[in-house]
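**Student:** Kindly return the folded structure for what I paste below:
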Amino acid sequence: MKREYWIILIVYIAMQLSSLIGIPAFTFLFGYLGLNQGQVIPYWLIFSFTAALIIVLFILRREFKNSRMERGSSFAVSAVWAVAGIFLALFAQSIAANIERLIGVEMGSENTQQILNIIESFPLAILVSSVIGPILEEIVFRKIIFGSLYKRFNFFLSALISSVIFALAHMEPEHLILYSAMGFTFAFLYVKTKHILVPIFAHVAMNTLVVVVQSVYKDEIEKLIRDAERIQNFIGGFL
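**Tutor:** Modelled structure (predicted):
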């Protein structure tokens, strides 16, 4: 793996752990404005994710410039796969969610709910969940981790390892299948088009769609989840 890639991985891990120091620091700095720790979380998330993305893009600036000379899918083909990738990711997510439900995993994501709560209190935080976060994840998990593995192993093994790492990074091991399915989908888009912008677009669009839908139809979705769990428990009582 390139030296620059190792630096990016360190930057990404440092960003994920930075809240342990950053949030208390922001609480102290902005305490005079009357903000408590819960209120400064969105500010720290935007700051830390934006800083990490700027650093990563700066490190990769020459590589991105040289990649324009590399052969990949045409713009038209890439655009089609970028749009199709949104539906592929949603389809994979749906199949994975049903598999998890069948094996007894509770529906809904605590991680997603926390993000929605933050966005509800500070709408600008949607930039982290829907834009900055997905861009960083595609660079780290697809371009760097999957890309490095794919140079040595076949697609399935490379996608499996990188997708499991991607899933575990979300700190919800109970939804390993769900996140891995999305990881496989984005890895497929990357290999199919040889352009990292394609899975980035699909990931950004999918996250934005999910956040908007769950925000607008929050009550209806919660009711559907409760009804589905009741049905599951009812059926389980006969088995």
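
**Student:** Could you list the domains of this structure?
**Tutor:** Structural domains assigned to the chain are 1-70, 71-236, following automatic domain parsing.

**Student:** Quick check: which of the ones you listed is buried the most?
**Tutor:** Highest mean neighbour count among the domains of the chain (mean count of other CB atoms under 10 Å): domain 71-236, with a mean of 17. Every C-beta, even on glycine, is put in place using the N, C-alpha and C of the backbone.

**Student:** if we can go back for a sec, mind putting the domains of the chain into TSV with mean pLDDT?
**Tutor:** Output for the domains of the chain, formatted as TSV (pLDDT from 0 to 100):
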stretch	mean pLDDT
domain 1-70	85
domain 71-236	85
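
**Student:** In the protein, which residue is most central in space?
**Tutor:** Nearest to the mean C-alpha position of the chain, by CA atoms, centre = their mean, lies Pro134 at 4.9 Å.

**Student:** Now that residue: which helix or strand?
**Tutor:** helix 133-137 (DSSP states H and E).

**Student:** Next, report how far the helix or strand just after that helix is displaced from the centre of its chain.
**Tutor:** Once the chain leaves helix 133-137, the next helix or strand it forms, by DSSP H and E, is helix 147-150. Helix 147-150 has its C-alpha centroid displaced from the chain centroid by 19 Å (CA atoms, centre = their mean, to the nearest Å).

**Student:** what's helix 147-150 packed up against?
**Tutor:** The helices and strands touching helix 147-150, judged by 3 or more CB pairs under 8 Å, 6 or more residues apart in numbering; DSSP states H and E, are helix 155-168.

**Student:** who touches the helix it packs on?
**Tutor:** Helix 155-168 has contacts (CB atoms under 8 Å, 6 or more residues apart in numbering) with 137, 141-142, 145-146, 149-150, 152-153, 173, 175-184, 187-188, 191.

**Student:** cool, and stretch 16-30?
**Tutor:** Contacts of stretch 16-30 (CB under 8 Å, 6+ apart): Leu35, Asn36, Gln37, Val40, Ile41, Tyr43, Trp44, Leu45, Phe47, Ser48, Ala169.

**Student:** quick one: the fifth one and Val77, what's the gap?
**Tutor:** Per CB to CB, to the nearest Å, Ile41 is found 41 Å from Val77.

**Student:** Met171 in helix, strand or coil?
**Tutor:** Using DSSP: H, G, I helix; E, B strand; the rest coil, the structure places Met171 in coil.

**Student:** if I read this right, it contacts Asn111, doesn't it?
**Tutor:** Yes: applying CB atoms under 8 Å, one finds Met171 in contact with Asn111, separated by 6.8 Å.

**Student:** and the top helix by length along the chain, what does it pack onto?
**Tutor:** Identified as the longest helix of the chain according to DSSP state H is helix 75-102. Here helix 75-102 touches helix 176-193, helix 197-216, going by 3+ CB pairs under 8 Å, 6+ apart.

**Student:** what's the closest of the ones you listed to Gly104?
**Tutor:** helix 176-193 (12.1 Å; CB to CB).

**Student:** For the closest residue to Ser130 other than its chain neighbours, give me its contacts.
**Tutor:** If the residues on either side of it in the chain are set aside, Ser130 comes closest to Thr208, at 4.1 Å by CB to CB, 6 or more residues apart in numbering. Contact analysis of Thr208 by CB under 8 Å, 6+ apart lists Ile126, Ser130, Val131.

**Student:** next one: Ala89
**Tutor:** Met182, Thr185, Phe186, Ala202, His203, Met206.

**Student:** How about residues contacting whichever strand or helix holds Asn117?
**Tutor:** Using DSSP H and E, Asn117 sits within helix 110-121. Residues from elsewhere that reach helix 110-121 (CB under 8 Å, 6+ apart): 39, 41-42, 45, 125-126, 129, 170-172, 210-211, 214-215, 218.
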